[in-house]
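Asker: Give the three-dimensional model of this entry:
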Amino acid sequence: MANRLIYAPDLLASLRWYVDVLDLPAEAVQAEPPALRLPGSDTLVFSEQARPGAHVLPVASVAAARQQFKYRPLVPGENKGRIVAAGPGHLSLIDPANNQLTLQERGNGELLPEFIVC
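Answerer: Have a look, this model is predicted:
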């Protein structure tokens, strides 16, 4: 099990953004410390003290993640983040806190790879 620190100046907004974009169930959210448990056993821990960074996250479907990103409801004044690159099996985003994310689709029948922190 790996814990990865994610920079989040607004903890609740970041949790909501990741839950929406990664299409995670409510059960994935942990209140203290603010964190998300991802399928597999890895955990994203959100912190105001972390530094913005680059992360590779496994997803079941890049196409589904792209749709979740494009059509998630916004709170007025919220920074949506942006897509910076897309290709077969991957999607690169900048989240609202300027973390660089690459969502990488797992291969057919392969186990989800562990997070890669760049």
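Asker: Give me the three-state assignment for the residue nearest the centre of the chain.
Answerer: In the chain, the residue lying closest to the centroid (Cα atoms, centre = their mean) is Tyr18, at 4.5 Å. The three-state label given to Tyr18 by DSSP: H, G, I helix; E, B strand; the rest coil is helix.
Asker: SS state for the nearest residue to it once chain neighbours are set aside?
Answerer: Distances taken as Cβ to Cβ, 6 or more residues apart in numbering place Leu36 nearest to Tyr18, at 5.7 Å, with adjacent residues excluded. In short, each C-beta sits where N, CA and C put it, glycine included. Secondary structure, three-state DSSP: Leu36 is strand.
Asker: what is Leu36 paired to in the beta sheet?
Answerer: Beta-bridge pairing of Leu36 under DSSP bridges involves Val29, Leu44.
Asker: And Gln104, how far from Ala8?
Answerer: 21 Å (Cβ to Cβ, to the nearest Å).
Asker: Neighbour count: those two, which is higher?
Answerer: Each of Gln104 and Ala8 has its neighbours counted (other Cβ atoms under 10 Å); Ala8 has more, 25 against 19.
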